[in-house]
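Colleague: Need coordinates for the following:
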Amino acid sequence: MFGRSRSWVGGGHGKAARSIHSLDHLKYMYHVLTKNTTVTDHNRNLLVETIRSITEILIWGDQNDSSVFDFFLEKNMFVFFLNILRQKSGRYVCVQLLQTLNILFENISHETSLYYLLSNNYVNSIIVHKFDFSDEEIMAYYISFLKTLSLKLNNHTVHFFYNEHTNDFALYTEAIKFFNHPESMVRIAVRTITLNVYKVDNQPMLHYIRDKTAVPYFSNLVWFIGSHVIELDNCVQTDEEHRNRGKLSDLVAEHLDHLHYLNDILIINCEFLNDVLTDHLLNRLFLPLYVYSLVNQDKGGERPKISLQVSLYLLSQVFLIIHYAPLVNSLAEVILNGDLSVFSSKVEQDIQKNSAKSSIRCFIKPTETLERSLEISKQKGKKRVQKRPNYKNVGEEDEEERGSEDNQDDLDKNKSTEASSKGIKTSSENEEIEMVIMERCKLSELSISTVTEQNTTDEEKSAAASGSEITNWNRPFLDMVYNALDCAEDDYYALFVLCLLYAMSHNKGIDPVKLERIQLPAQHAEERNSYNHVLAEGLIRIMNYAAQPDGKIRLATLELGCLLLKQLVFSKNGSIIKDVHLACLEGAREESVHLLRRFYKGEEIFLDMFEDEYRSMTIKPMNVEYLMMDASILLPPTGTPLTGIDFVKRLPCGDVERTRRAIRVFFMLRSLSLHLRDEPETQLPLTREEDLIKTDDVLDLSFAVAQCINQHNPSPLSSPSPSSGSGSTGRCDSVTASSTSTPSAAQSPSDDASAPEQPQMTISGQMVISGQTVLTDETLSAASKSSKNAVKISDIETANLSPSLIPAQQPTISLITDDNTDALSVESLTLVPPVDPHSIRTFSCIPQSSLQSEVEVCKVKEVKEECSD
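Modeller: Numbering: from 1, shown residues only. Predicted coordinates:
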């Protein structure tokens with residue numbers, strides 16, 4: 001019905017329905033807009049449907065008919081969109097308008113069509129419109145609209161958004177106002193918009209961002225990140241029982257997003273933006289909050305602090321994620337060689353005399369909000385110019401605008417007067433001061449490095465790295481790192497210190513010279529002859545603690561310690577570890593062996609666990625980046641699996657987990673010992689994959705059967721006599737007689753008092769008494785040797801076979817029968833008195849080619865002759 005109605009309006013009686021994707025239909029939509037300039041309750045739905053149809057036609061025209069955009073520009077149809085917003089017609093129309101605009105710009109592919117839409121500055125007017133951002137749906141569609149526009153930015157389209165004459169960039173400035181929005185998706189969209197803007201290589205636009213927006217935006221961003229860190233620290237300190245891990249995981253994930261966002265800005269490599277951002281990160285966040293908290297755990301004082309474990313964790317994340325050389329080198333220099341004077345230098349003390357601030361390097365809240373700072377920077381330093389008509393918030397009266405501008409000027413004057421009375425420096429002046437401090441600190445660092453590196457031997461370097469010699473400055477941050485390696489009680493702090501050292505040594509931006517001052521080699525270090533003895537001894541102590549039965553070292557800590565020790569004592573020509581340190585390490589390995597022996601007999605499935613743990617460690621080695629993404633390591637070590645923490649990140653619980661831990665400790669220390677001694681692993685795994693029968697393998701069953709026959713064929717010396725050596729079904733050694741191996745020997749007739757006495761016979765070195773075979777000493781010794789060899793060969797051959805190919809034990813078969821029995825009796829060997837020759841049947845064995853030269857089949861005729869004698 002709806003389709004017939006539209007056909008009747010546009011096409012006349014009897015004509016075919018007009019296609020909705022055509023220039024004619026766009027003209028019809030234009031006619032509808034001209035007839036409905038005022039939004040009412042009656043035509044609200046009609047206008048929304050009209051806007052949606054126009055968007056579809058424009059997308060179709062971009063791909064099929066360029067005349068569609070010609071008509072759109074000719075009739076200036078974007079004005080109708082602005083008129084609808086101007087009337088404040090409610091959230092329903094605003095949502096639909098933003099949604100359709102977002103779809104329109106997402107699907108436009110030709111640059112010419114995009115230029116048509118962006119011309120006349122109507123899009124900027126929509127951007128600066130005062131929407132009701134308290135409505136979550138409007139907020140979502142608005143920020144999505146801005147993100148879509150930012151994806152269209154390049155050197156050509158940026159001129160539609162940035163106005164050089166008025167120094168106005170609405171797309172960027174309106175977006176960054178939501179950098180701290182409560183909704184995470186909005187914050188993520190803002191980061192995407194800013195990165196898309198920074199990537200455009202337009203120097204006037206980038207200079208505008210640096211001069212007008214960089215300082216207020218980065219200062220507020222740093223404060224927001226720091227406030228988030230303090231919230232994370234509070235969550236760690238109040239959740240020692242692991243009851244609020246969900247919130248902690250969200251806070252850690254958010255902080256990681258912050259660091260990745262900062263790194264994304266730095267790797268764009270816009271130099272002047274990176275200078276401002278680096279300055280704020282070092283002097284407003286990393287040094288005054290992260291580093292200062294390493295040695296000042298007193299909760300009193302004016303400076304805000306965080307706990308030691310959180311500080312180490314956050315610094316590790318910084319070095320794992322950010323690789324911008326000026327930033328990471330300055331931060332590493334303070335941690336490895338700095339002291340508390342970096343927070344109260346002489347230059348800074350001179351500045352304090354003329355400033356009300358307590359310190360420049362301090363985590364403080366910006367004096368103005370970002371939105372207020374952007375308004376001030378927009379007004380400052382430029383002459384009053386007439387406001388552009390197309391930037392006017394449509395729907396507001398000119399008198400209201402003048403009144404608001406006058407009020408704004410009065411507020412600016414009051415703010416400036418108040419600031420001057422209190423002696424507060426402006427943001428640009430603070431920036432210049434901070435940059436001067438950074439340059440002077442860099443000069444002092446260079447002078448220190450040149451003095452310490454002149455005429456130093458390897459022994460002096462080792463002593464300087466360990467801090468054993470008296471130097472001109474103390475290093476409290478480095479001392480804290482060494483002290484935290486003591487794991488006598490637990491490895492809570494040691495794990496974070498190891499992660500910090502690992503992250504610094506693997507950071508591509510850090511100058512290897514800075515690491516060499518404490519003899520911590522980089523990932524690809526050059527040839528060297530010495531290493532940090534203090535650090536090496538601390539790592540070996542961790543391994544000794546791990547090998548103790550009551551050790552509180554988690555497997556993640558031990559594995560990370562092994563990685564660092566390998567990196568510490570290895571150079572291009574192999575291991576340079578001292579003998580005394582290698583001996584201590586071997587002692588720890590021996591302790592792990594003794595620890596493992598405690599569980600060998602206690603667990604029935606020990607060998608299965610042994611193989612499984614080895615396979616797990618081989619397939620999934622440690623990834624430090626993934627380890628540091630887990631928020632659970634921020635909480636004190638726990639021993640219960642009910643927390644859901646991975647086994648390697650917590651203490652063992654129960655005998656099974658203690659066995660698994662002992663196995664892994666043995667594997668790690670054994671691998672480290674072999675690596676340092678440059679020896680290959682030849683014993684593990686116990687079951688090698690190449691020896692196993694795999695799917696689709698072709699088995700040679702004839703060879704397997706030959707092995708079975710070989711395995712169970714007896715030696716000639718082990719057979720009792722030629723008369724009992726006849727073959728039998730299934731086994732050729734079925735009649736091997738021995739008084740100790742036959743279960744029926746105890747019930748033989750010689751032991752029975754009622755049995756008649758039998759004559760004795762001697763046959764070629766053997767004595768046969770009453771049907772029993774008694775071996776002489778010579779035969780017994782030879783038989784025992786042969787049987788032992790046969791058993792060894794049998795065991796070896798059995799071990800080489802798959803379990804499914806090892807034959808089951810067969811019962812012995814008696815060769816004695818009577819006339820009334822047609823079949824052989826299947827039972828164990830029974831010794832009976834001699835019988836008449838006619839009751840003994842003739843049987844023969846199928847000879848084996850490999851044994852024909854040693855074993856001959858005895859015929860029953862020989863037995864008859866010997867019996868007749």
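Colleague: give me the element Asn507 is part of.
Modeller: Using DSSP states H and E, Asn507 is not contained in any helix or strand.
Colleague: any idea how far it is from Lys649?
Modeller: According to C-beta to C-beta, to the nearest Å, Asn507 stands 23 Å off from Lys649. Backbone N, C-alpha and C define where each C-beta goes, glycine included.
Colleague: Mind checking which of the two has more residues around it?
Modeller: Using other C-beta atoms under 10 Å as the criterion, Asn507 and Lys649 rank with Asn507 on top: 24 against 18.
Colleague: Now do the nearest residue to the more buried one once chain neighbours are set aside, the pLDDT please.
Modeller: Closest residue in space to Asn507, ignoring its immediate chain neighbours: Phe319 at 4.9 Å, by C-beta to C-beta, 6 or more residues apart in numbering. For Phe319, the model assigns a pLDDT of 96.
Colleague: what's the average pLDDT for the host helix or strand of Tyr626?
Modeller: Using DSSP H and E, Tyr626 maps to helix 624-628. Averaged over helix 624-628, pLDDT sits at 92.
Colleague: Could I get the buried residue list for that helix?
Modeller: Judged by neighbour count (16 or more other C-beta atoms under 10 Å), helix 624-628 contains these buried residues: 624, 627-628.
Colleague: Check which helices and strands it sits against.
Modeller: If you count contacts as 3 or more C-beta pairs under 8 Å, 6 or more residues apart in numbering; DSSP states H and E, helix 624-628 packs onto helix 308-321, helix 492-505, helix 555-569.
Colleague: Give me the nearest residue to Cys94, chain neighbours excluded.
Modeller: Distance criterion C-beta to C-beta, 6+ apart; nearest residue to Cys94, sequence neighbours excluded, is Ile138 at 5.7 Å.
Colleague: who's in contact with the helix or strand harbouring the one you found?
Modeller: Here Ile138 sits within helix 136-151, counting by DSSP H and E. With C-beta atoms under 8 Å, 6 or more residues apart in numbering as the contact definition, helix 136-151 has outside contacts at 91, 94-95, 98-99, 101-102, 105-106, 123, 126-127, 131-133, 161, 171, 174-175, 178, 181, 183, 185-186, 189-190, 192-193, 196-197.
Colleague: Ok, stretch 607-622 next?
Modeller: The contact list for stretch 607-622 (C-beta under 8 Å, 6+ apart) reads 556, 559-560, 563, 603, 648, 656, 659-660, 663-664, 667-668, 684-687.
Colleague: Mind doing that once more with 6 Å?
Modeller: 559, 660, 663-664, 667, 684-685, 687 (C-beta atoms under 6 Å, 6 or more residues apart in numbering).
Colleague: Same list (these) but as CSV, adding pLDDT and secondary structure.
Modeller: Putting those into CSV (pLDDT from 0 to 100; DSSP: H, G, I helix; E, B strand; the rest coil) gives the following:
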residue, pLDDT, secondary structure
Glu559, 94, helix
Arg660, 92, helix
Ile663, 94, helix
Arg664, 94, helix
Phe667, 94, helix
Leu684, 86, coil
Pro685, 86, coil
Thr687, 81, coil
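Colleague: circling back to that earlier point, show only the entries of the contacts of helix 136-151 found in strands.
Modeller: Nothing among the contacts of helix 136-151 maps onto strands, per DSSP state E.
Colleague: which residues in the stretch 501-650 of the chain form strands?
Modeller: Shown for the stretch 501-650 of the chain, the strands assigned by DSSP state E, counting those that start in this stretch span residues 570-571, 574-575.
Colleague: who does the last one touch, helix- and strand-wise?
Modeller: For strand 574-575, the packing partners by 3 or more C-beta pairs under 6 Å, 6 or more residues apart in numbering; DSSP states H and E come out as none at all, with no helix or strand in contact.
Colleague: Give me the mean pLDDT for it.
Modeller: pLDDT averaged over strand 574-575 gives 86.
Colleague: next one: stretch 586-597
Modeller: Average pLDDT, stretch 586-597: 93.
Colleague: Need the residues that contact that stretch.
Modeller: Contacts to stretch 586-597, defined as C-beta under 6 Å, 6+ apart, come from residues 543-544, 547, 549, 662, 665-666, 669, 673.
Colleague: which intervals of this structure have sub-threshold pLDDT?
Modeller: Residue ranges of the chain with pLDDT under 70: 1-18, 240-241, 297-301, 345-360, 380-473, 524-525, 603, 703-869.
Colleague: Convert the C-alpha atoms of stretch 612-623 to CSV, please.
Modeller: The C-alpha trace of stretch 612-623 is given here as CSV (Å, rounded to 0.1, in the frame of the first residue of the first chain):
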residue,chain,number,x,y,z
ASP,A,612,53.1,-34.0,30.5
GLU,A,613,54.9,-31.2,32.4
TYR,A,614,57.8,-31.4,30.0
ARG,A,615,55.6,-31.3,27.0
SER,A,616,53.6,-28.3,28.4
MET,A,617,56.8,-26.3,29.2
THR,A,618,58.2,-27.0,25.7
ILE,A,619,55.0,-26.1,23.8
LYS,A,620,54.2,-23.0,25.8
PRO,A,621,57.2,-21.1,27.0
MET,A,622,56.9,-17.9,29.1
ASN,A,623,55.7,-14.7,27.4
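Colleague: Contacts only, for the closest residue to Leu500 other than its chain neighbours.
Modeller: Leaving aside its sequence neighbours, Leu500 sits nearest to Ser316 (C-beta to C-beta, 6+ apart; 4.6 Å). The contact partners of Ser316, taken as C-beta under 6 Å, 6+ apart, are 499-500, 503, 628.
Colleague: Pro326: which of these is nearest?
Modeller: The nearest member of these to Pro326, counting by C-beta to C-beta, is Ala503 at 17.5 Å.
Colleague: how much space between that closest one and Lys572?
Modeller: 23 Å.
Colleague: Likewise for Asn102?
Modeller: Distance, Asn102 to Lys572, using C-beta to C-beta: 57 Å.
Colleague: Repeat that for Gln203.
Modeller: 45 Å.
Colleague: How about Tyr313?
Modeller: According to C-beta to C-beta, Tyr313 and Lys572 sit 33 Å apart.
Colleague: more neighbours, these two?
Modeller: The neighbour count for Tyr313 versus Lys572, taken as other C-beta under 10 Å, is higher for Tyr313 (26 against 9).
Colleague: quick one, what contacts the more buried one?
Modeller: 496, 634 are the contacts of Tyr313 under C-beta under 6 Å, 6+ apart.
Colleague: now do Leu370
Modeller: Counting by C-beta under 6 Å, 6+ apart, the residues that Leu370 touches are 216, 220.
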